[in-house]
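**Student:** predicted model and sequence below, questions to follow.
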Amino acid sequence: AQAAFRSDLAPLLELVGTGKESLSFMKKRIRHLAQQWLRAARRLEQKLKGQQGDQKHILIHIGFLTEESGDVFSPRVLKGGPLGEMVQWADILTALFLLGHSLKVTVSLKELQSNLGVPPGRGNCPLTNPLPFDLIYTDYHGLQQMKQHMGLSFKKYRCRVRVIDTFGTEPAYNHEEYATLRGFRTNWGYWNLHPSQFMTMFPHTPDNSFMGFVSEELNQTERQRIKSNKVGSMAVVYGKEASIWKGKEKFLAILNKYMEIHGTVYYETQRPPEVPAFVKNHGLLPQHEFQQLLRKAKLFIGFGFPYEGPAPLEAIANGCVFLQARFNPPHSSLNHEFFRGKPTSREVSSQHPYAEDFIGKPHVWTVDYNNSEEFEAAIKTILRTQVDPYLPYEYTCEGMLERIHAYIQHQDFCTMPSPPPPAKAQSPAMQSPPSPLALSPNATHLVWSPSARRDPHAWPPADSLQVWLSEGRHACTETCRRRGLVCEPTFFRFLNKKEVFLQLSITCDSTEYEMNHLYPAVAENVHECYLQKEPLLFSCAGHNTKYRRLCPCRDYREGQVALCRDCL
Ligand code: UDP
């Protein structure tokens with residue numbers, strides 16, 4: 001059946017169920033944003049002109065909320081614990097529902113088993129009936145549970161799984177054999193999934209799919225009202241847990257010279273000792289009251305933690321300036337406890353790199369807090385700066401619906417493109433006659449040849465491809481970013497070819513196929529070229545001064561980095 005946009009969210013609230021503080025939080029959010037979602041769905045419906053595609057049967061298993069995984073979140077919802085995940089799950093549920101798919105939501109192992117068709121009392125056995133779902137959205141906890149209870153069927157069906165994974169999982173950490181051999185093993189496992197099956201909260205590495213969430217949107221009247229009601233001297237501190245205030249006395253004292261400081265730190269009976277007396281602490285607020293506070297404030301200020309949550313986007317969307325600390329050296333799994341053991345090599349350059357890179361001034365100020373003068377100067381300038389509320393399209397309801405719709409229609413990890421050539425490089429004599437080249441040189445890089453055949457079903461369409469050679473110190477993510485493009489991992493298969501080096505005028509004394517997440521690449525000083533032997537290891541992330549990498553870049557829609565210009 002065709003998927004038909006829905007126009008009422010009440011049935012979704014039924015589906016979500018009751019009995020946990022976390023579920024109540026999500027339902028409150030769904031109710032509060034309902035009108036904005038419904039308007040966005042109508043707009044997308046018009047844009048798609050009836051081309052909605054098939055209705056999918058989707059299981060949403062929120063593993064971290066199950067008792068079996070400890071459900072550490074639900075009890076903390078009212079105590080300032082992390083809410084970002086709940087925000088995102090609420091939005092994913094809403095988007096999938098509005099797009100017209102048929103949903104089942106589970107938050108316990110028992111419900112999971114009965115929906116998968118695992119007979120009660122039987123553990124690790126293959127399913128007796130075919131899996132009744134086209135797609136399963138879950139998280140790392142849920143993945144573990146499915147593996148434990150589906151037996152051999154897990155391998156068969158894992159291509160239908162989508163893993164909601166806040167910080168992302170890079171290919172080098174995902175590939176079991178490679179991770180084990182090369183020291184990329186982490187506690188999160190190595191699932192040998194297609195890296196795009198992992199879906200992140202921000203567009204971290206394009207190796208994973210960017211899922212995101214939404215923020216409240218303002219209409220023209222609200223924008224006007226907010227602008228005239230702003231209290232120019234009011235600052236709100238980012239963070240609900242008292243611990244983030246520890247050791248920040250110096251900054252707070254400087255800020256207090258210019259602004260009235262507000263906080264939303266959870267407390268039981270007394271003011272937390274970390275929060276100075278001159279701060280007006282509201283305690284943890286319900287989400288919509290927190291938004292009201294942001295509407296009045298001029299400045300939203302981060303002291304380095306939490307990393308990369310939704311709140312800064314909400315602040316900017318409500319007309320605040322976001323001031324945050326630059327991390328120099330950047331935080332990563334090598335030097336910071338929080339990232340230790342996470343399956344990513346990302347180097348986090350500030351508390352909120354998305355705000356820094358994708359939004360920037362005048363909305364976002366990223367400064368060195370070790371330099372008090374720079375910090376104070378930033379505050380003074382911000383006080384004189386006028387800003388309008390701003391929300392990138394990809395964080396609007398329409399943007400999220402558009403993106404998820406595109407993923408559901410186009411991402412297919414169950415039927416993979418044909419495998420790359422055999423592992424051994426062929427001797428020149430044995431080489432097949434050259435096929436018409438898909439790429440053509442363009443001074444500094446390669447572009448898709450206008451004459452090349454293009455697979456009409458390939459997504460993203462291959463003609464948005466540009467091949468650039470990285471500097472040794474840059475990953476492909478960065479190499480593409482510097483050209484106003486984004487790395488597109490599905491295109492690696494087009495450039496994992498000997499001819500491509502030639503076309504880029506690179507001399508290869510030897511060319512080998514090997515397993516390495518940095519390949520295809522060239523070790524320039526020794527004229528050695530390398531091709532990728534294992535398609536699961538194609539990776540936008542990763543760099544090493546030894547190599548210059550071949551990077552597949554593509555264009556993107558303004559405000560929607562996940563989609564190329566012709567991707568809809
Ligand atoms: N939030 C809230 N009450 C507050 C402060 C924040 O409901 O007093 C919400 C906020 O609207 C945001 C969510 O908490 O959507 C998550 O915020 P944050 O960026 O702090 O991320 P986290 O670390 O909780 O994942």
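**Tutor:** It's in.

**Student:** distance of the residue of the stretch 351-500 of the chain found nearest the ligand from V237?
**Tutor:** Going by C-beta to the nearest ligand atom, the ligand is nearest to H352 of the stretch 351-500 of the chain, at 8.8 Å. Quick note: C-beta positions are derived from backbone N, CA and C, even for glycine. Computed as C-beta to C-beta, to the nearest Å, the H352 to V237 distance reads 14 Å.

**Student:** what about those two, which has more around it?
**Tutor:** H352 (27 against 24; other C-beta atoms under 10 Å).

**Student:** gap between that one and V364?
**Tutor:** 8 Å.

**Student:** mind listing the shared neighbours of these two?
**Tutor:** Common neighbours of H352 and V364, counting by C-beta atoms under 8 Å, 6 or more residues apart in numbering, are P312, F322, Q324.

**Student:** just give me the neighbour total for the first one.
**Tutor:** Read that as P312. 27.

**Student:** how about the most centrally placed residue in the chain, nearest residue that isn't a chain neighbour?
**Tutor:** The centroid of the chain falls nearest to T200 when counting by C-alpha atoms, centre = their mean (2.6 Å). Closest residue to T200 apart from its sequence neighbours, by C-beta to C-beta, 6 or more residues apart in numbering: G168 at 4.5 Å.

**Student:** please apply the same query to V526.
**Tutor:** Using C-beta to C-beta, 6+ apart and skipping the chain neighbours, the partner closest in space to V526 is D509 (7.6 Å).

**Student:** ok, now P353?
**Tutor:** Distances taken as C-beta to C-beta, 6+ apart put E308 closest to P353, at 7.1 Å, once the chain neighbours are dropped.

**Student:** was I right about that neighbour contacting M201?
**Tutor:** Yes: counting by C-beta atoms under 8 Å, M201 is a contact partner of E308 at 6.8 Å.

**Student:** give me the more crowded residue out of these two.
**Tutor:** Remark: of E308 and M201, M201 carries more neighbours, 22 against 19, as counted by other C-beta under 10 Å.

**Student:** which one of the residues in the stretch 301-450 of the chain is closest to the ligand?
**Tutor:** Distance from the ligand to each residue of the stretch 301-450 of the chain (C-beta to the nearest ligand atom) is smallest for G309, at 2.2 Å.

**Student:** what does this structure have sitting close to the ligand?
**Tutor:** By C-beta under 6 Å from any ligand atom, the residues of the chain that approach the ligand are 82-84, 87, 240, 264, 284-285, 287, 290, 306, 309-311, 314.

**Student:** which of those residues are buried?
**Tutor:** Neighbour-count burial (16 or more other C-beta atoms under 10 Å) applied to those gives 82-84, 87, 240, 264, 284, 287, 290, 306, 309-311, 314.

**Student:** tell me which of those residues fall in strands.
**Tutor:** Among those, no member is found in strands (DSSP state E).

**Student:** what about A377, how many residues nearby?
**Tutor:** Neighbour count for A377, taken as other C-beta under 10 Å: 12.

**Student:** where in the stretch 101-250 of the chain is pLDDT low?
**Tutor:** 120-123 (pLDDT under 70).

**Student:** OK, contacts around the nearest residue to V161 once chain neighbours are set aside?
**Tutor:** Once flanking residues are discounted, V161 sits nearest to I136: 4.9 Å by C-beta to C-beta, 6+ apart. Shown in contact with I136 (C-beta under 8 Å, 6+ apart): I58, L59, I60, H61, M146, Y157, R160, V161, R162.

**Student:** do a quick rundown of the helices in the stretch 401-550 of the chain.
**Tutor:** Using DSSP state H, counting those that start in this stretch, the helices of the stretch 401-550 of the chain run over 476-481, 492-495, 498-503.

**Student:** most packed of these?
**Tutor:** Comparing those by mean neighbour count (mean count of other C-beta atoms under 10 Å), helix 476-481 ranks first with a mean of 23.

**Student:** what residues does that helix touch?
**Tutor:** Outside helix 476-481, the residues that touch it by C-beta under 8 Å, 6+ apart are 205-206, 357, 468-471, 486-488, 539-541, 543, 549, 551-554.

**Student:** output it as CSV, restricted to C-alpha atoms.
**Tutor:** Output in CSV follows, covering the C-alpha atoms of helix 476-481 (Å, rounded to 0.1, in the frame of the first residue of the first chain):
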residue,chain,number,x,y,z
CYS,A,476,37.8,13.3,3.6
THR,A,477,35.1,14.9,5.8
GLU,A,478,37.3,18.0,6.1
THR,A,479,38.7,17.8,2.5
CYS,A,480,35.1,18.1,1.1
ARG,A,481,34.0,20.6,3.7
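
**Student:** burial measure for Q291, as a count.
**Tutor:** Number of residues near Q291 (other C-beta under 10 Å) recorded here: 17.

**Student:** before we move on, back to that, look at the residue nearest to V526 and say how many residues are nearby.
**Tutor:** Residues near D509, counting by other C-beta under 10 Å: 8.

**Student:** for the one 5 residues further on, same thing?
**Tutor:** As a burial measure, the neighbour count of E514 was computed by other C-beta under 10 Å and equals 13.

**Student:** again, but for the one 5 residues further on
**Tutor:** Y519: 24 surrounding residues under other C-beta under 10 Å.

**Student:** phi first, then psi, for it.
**Tutor:** Note on Y519: its backbone torsions stand at phi -90, psi 150 [degrees, to the nearest 10].

**Student:** who's in contact with it?
**Tutor:** Y519 sits in contact with N496, Y530, L531, Q532, K533, L537, R549, where contact means C-beta under 8 Å, 6+ apart.

**Student:** what of S233?
**Tutor:** By C-beta under 8 Å, 6+ apart, the residues touching S233 are Y258, M259, E260, K298, L383.

**Student:** neighbours of the first one, how many?
**Tutor:** Right, Y258. 15.

**Student:** report the contact partners of it.
**Tutor:** Y258 touches S233, I379, K380, L383, counting by C-beta under 8 Å, 6+ apart.
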